[in-house]
Structure formats: C-alpha cells, structure tokens
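*Asks:* just coords:
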C-alpha cells in the first residue's frame, strides 16, 4: 500500500492548512483497523473483496483538450434544466471548470476550490466530525488524506439562488503507470441563516475494462431557517467500486431534502449520516437504486435527533435483478433532549429474479421520552395482484411488469428535482426491460 503513503500526500500540494489536514488524516488511516464483514458496519458487504493495493491515487489530468467537457449524462441534464446558477466540473477529483452566475456572484455566493477559499479551512470536516464513527472510519480518513481539492459552495445569509448549482465529478482515467486509479472527489455545501439553494451532483465514470475506486465525500451544512435541496446521481462504470459518504447537519427551523440515485458500479456503498441540531429542523432523506448483473448496492443511514420537535423522514426504494444484491441498514437515534421529535424510516425492495437478494435491517436507539418513531421494511417480488390487474386488461406480461416497476419508482422521484427525476427514471427504464425478461 506504498502508493497511499506520505510521499503521495505531499505531491498533492495546496495551502499549508490543507497539507496539514491531509497528514493528520493519513495518520488516522494508518491507525484505523482493517474493516471486515464481521463488523456491524460492514455486515453483508463485499469489503473482503477489495484489494486496495491494486489502486494508486489519481494524478492531475493536466490541461489537455476535453478535460473540462461534460459527459453525455450531464449534457442531457443541463439541457433539461435550461439554466443553472453555477457549474463545476472535476476530473479525477481536480476542479477543471468553474462557472458562477452573475446574480449569485453579486449576492456574495462563493463557488470554487477550497484552496482558494479563505473560510474553507474552518468548514471542511466540520459536519463529518459531528459523527464519531465517521472519524474512526479508515476509509473516511483515506478520503480526507487524498482528496486533491474540495468543491465549496457558500451561500450568505438571506440569499436565495433560484437556479440549481450543478457539480459534475468525472473519473476513471488510469494512473500514469497504467494501474487503476483511486479517486477522491469532495463537495462541501454551507448555507448560512435563512438562505436557500438547490445542488445537483453527478458521479460519472466510463464503462471501461479497468476498474476505478471512488471515495466521494459530501458535507451539507444547513444553518437556521435555511433550505437546501440536494440531489446526487451515481452512474459509475460496471467495474467501479464506490465507498461514499454523505454527512448532513440541519439547524433550528432548517429544511434539508436529500436524494441519492445509485445506478452504476460493481459495488456501490453509500453511508448517509444526518443530524438535526436545532429545534424545528427537518430532513427528508430519499434514495432510489436499481441493480442487475452481479451489482451490489449497499446503503447505511443514520437519522440522529439532538434537538426537540425535529422531524426526519427517510424513504429508500430499490429493485434487484439477475444475481445482484442490495443491503439497507438504518438507525434512528433519539438523543436525550429530543422531546417531541418524530422520525420515520421506510425501505422497500423489489426482487425481480430468483438469483437476486435484498437485506433490510432497520434499528432504533431511543434515549428520550415523548418521541415518535416508526420504521417499515419490505422485500419481495412484484405484486401479483397488480400484475394480474394489468394482464386482465390486455397488457402483455413483460409490459405489465415494466409498468409496475416504473410506477414503484415514479412515486418517489416525484419528490426530487423534476429534471433529476426524469433522468433517473429514464435510466431505470432503459434497464428494466432486460431485467424483467
């Protein structure tokens, strides 16, 4: 694992504070135990199949032609959105293109690399460090150590950005010696009091023969009375491995709506930690996934309530076909002092073939009285009554199953950015026909 040593960290450059952060993170990585499938956090996962030593940290893509071009998925989304308040493109974790709308710039909005933001030092890691287990995670430390940059969005108090900010992470170039690369894209969103913004992130890699290891980190900080909508679409190549983390914090009367779509990858893990720290704050956590072939989608979530009269609502939906697998492991944690808080957790899975499998493990940890918690999970095939209803009206069997599947996802996707919802539904529709046969 010499490729992930101190020399590689020093080559990343940047300001002294960022170099110091990386050195500390690298030390945490070396001290962290190697995860195994025997641990609760990694149970049912494929972590035992990961050979970290075969990868090397991605290098700067340079300034060659096409480095800042948008992939097809991003171009389609941009065309459907019509207008964006800002656009950032990163290549293997390095920002190569940054644009911010004139109105947002005049209002004091800041968008760009952390190394050029004087306030980024105080913000980076501030949310993720709220969660003790995250700081003890060796992969979180590795991502912190080798992130070459971070895309930072800061919205001042009282400012509302009407158009969404689009951040596109493109990865998959092999390292300079031809070995598969490890990529560490990072995004930090900070909304100050009574501000509003919508952020869309895309994670994209080509469907080539070489694998890529992707460790994306997103931090969302929503201050008092602010409102943030965040959509993340993962469309990695079929040989990609993802070990992702999203950490979110919402303050008093703040509102966060977060959505993740997991579509690509060989093994795609997404850890989502959210905490409500101010009275009246609310989060809506949504996810959709579709697996076929031998894919595995692995979701771990934490809904933590640390303040009274807070609300969280989680809905994760997915379908698995072929010999693919999915795992959902979610925890609702009610801290002492969270009186009057409400938390809801729903995980529904459709199993489309005999070789596919889904695990759903909801959990509760309640330290306070006068709270309301509920969780529901379901794993099963397509509803036979729905299928019979459609077939009895002349709809062919394969078409009926396809319609049921799309309806299963459409209800969830109506809650996200319309352009993102359309993009995800079209991506799923392109695969369910083959999966339903």
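*Replies:* Ah, there it is. For clarity, every value in this text was computed on a predicted model and none was experimentally measured. Residues are numbered from 1 along each chain as shown.

*Asks:* what about residue 91, distance to residue 67?
*Replies:* The gap separating residue 91 from residue 67 is 5 Å, by Cβ to Cβ, to the nearest Å. In this view, the C-beta of every residue, glycine as well, is placed from N, C-alpha and C.

*Asks:* okay, and the common contacts of these two?
*Replies:* Counting by Cβ atoms under 8 Å, 6 or more residues apart in numbering, the shared contacts of residue 91 and residue 67 are residue 61.

*Asks:* for residue 207, what are its contacts?
*Replies:* When contacts are taken as Cβ under 8 Å, 6+ apart, residue 207 is in contact with 237-239, 264.

*Asks:* which element follows the worst-scoring helix or strand of the chain on mean pLDDT toward the C-terminus?
*Replies:* Within the chain, judged by mean pLDDT, DSSP states H and E, the helix or strand with the poorest mean is helix 384-391; its value is a mean of 61. Tracing the chain past helix 384-391, the next element assigned as helix or strand by DSSP states H and E is helix 397-413.

*Asks:* for that following helix, packing partners?
*Replies:* Using 3 or more Cβ pairs under 8 Å, 6 or more residues apart in numbering; DSSP states H and E, the elements in contact with helix 397-413 are strand 282-291, strand 311-320, strand 342-351, helix 384-391, helix 418-436.

*Asks:* does the residue lying closest to residue 298 once chain neighbours are set aside count as helix, strand or coil?
*Replies:* Nearest-residue entry for residue 298: residue 269, 4.1 Å, with adjacent residues in sequence omitted and distances by Cβ to Cβ, 6 or more residues apart in numbering. When the structure is reduced to helix, strand and coil (DSSP: H, G, I helix; E, B strand; the rest coil), residue 269 reads as strand.

*Asks:* residue 269 and residue 215: what is the separation?
*Replies:* For residue 269, the distance to residue 215 under the criterion Cβ to Cβ works out to 10 Å.

*Asks:* so residue 257 bridges to which residues?
*Replies:* Under the criterion DSSP bridges, residue 257 forms beta bridges with residue 229, residue 284.

*Asks:* what segments of the stretch 201-350 of the chain are strands?
*Replies:* Assigned strands in the stretch 201-350 of the chain, in chain order: 213-214, 217-222, 227-235, 241-250, 255-262, 267-276, 282-291, 296-305, 311-320, 325-334, 342-351 (criterion: DSSP state E, counting those that start in this stretch).

*Asks:* give me the common contacts of residue 269 and residue 215.
*Replies:* If you check residue 269 and residue 215 against Cβ under 8 Å, 6+ apart, the residues they both contact are 242-244.

*Asks:* sorry, back to before: which one of residue 91 and residue 67 is surrounded by more residues?
*Replies:* Per other Cβ atoms under 10 Å, whichever of residue 91 and residue 67 has more neighbours is residue 91, with 24 against 17.

*Asks:* so what's the more buried one closest to, chain neighbours aside?
*Replies:* In space, and not counting its chain neighbours, residue 91 is closest to residue 61: 4.3 Å by Cβ to Cβ, 6+ apart.

*Asks:* which residues touch that neighbour?
*Replies:* Applying Cβ under 8 Å, 6+ apart to residue 61 gives the contacts 67, 91-92, 94, 96, 173.
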